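# Below are the sequence and a predicted model; questions follow.
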Amino acid sequence: NNWKGFDISGHCFLLIFSNLIMLEEGKAYLGWERIKDFLRNEEHRRMNDDQDKSDTPLTKLKNEEFLHLRNEFPKRTPYVRMLFCMMAILMIFWDFMLLITVLYFHMMIEKVVASAFAVLTWFGLYKFFYTQSLSPGLPGEGVFKYVVWKDPVSNLNRKPCAKQ
């Protein structure tokens, strides 16, 4: 007897899941460069005791936390930029590996099932689990919120079609 097995593509699963994770984690970089503006505005607000000005995301920080952030931000920014670029290069390399896997290995149904598992796992983690109170939270959330990421689908202005 000849048994035909079904083995989902581990390559497809890992490459797609890893790229989706890095994409989610990379969103934290979107607001990183704005921290410099937040620091400047908050320092001006604290020095002038200007309570009439609007709050910044750093307003809730204690003075020690604010000073630590002000000192560490310029030191760590080059490393964050370098890591983001390295992550982008790694994602491009993994996309190439995924292309080779799709073209030369496994049957199509094995690749589709692995891809579906990868997307469902990512969705469960980042759209459900990490939004719960017991989770570590989404990237960019912490002592102060500097990432202002809006889902493009929810930002669409849907207008009804005009009848002609």
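Now that the structure is in, tell me what you want to look at.

# Next, name the residue at the spatial heart of the protein.
Glu24 (2.5 Å; Cα atoms, centre = their mean).

# Make sure that residue is actually in contact with Trp122.
Yes - Glu24 is within contact range of Trp122, at 7.4 Å (criterion: Cβ atoms under 8 Å). Heads up, the C-betas are built off the backbone N, CA and C, glycines and all.

# Leu15 and Val102 touch, don't they?
No - if you go by Cβ under 8 Å, Leu15 and Val102 don't touch, sitting 9.7 Å apart.

# and the longest helix along the chain, average pLDDT?
In the chain, assigned by DSSP state H, the helix with the most residues is helix 63-104. Computed over helix 63-104, the mean pLDDT rounds to 87.

# Number the residues from 17 up from this point.
From this message on, residue numbering opens at 17, which makes the last subject helix 79-120.

# still on that earlier bit, compare Leu31 and Val118 (neighbour count), which wins?
Using other Cβ atoms under 10 Å, the more surrounded residue of Leu31 and Val118 is Leu31, with 25 against 16.

# The more buried one: which element?
Using DSSP states H and E, Leu31 sits in helix 26-42.

# quick one: that helix to helix 79-120, angle?
Counting by axes from the mean of the first three to the mean of the last three Cα atoms, to 10 degrees, helix 26-42 lies at 150 degrees to helix 79-120.
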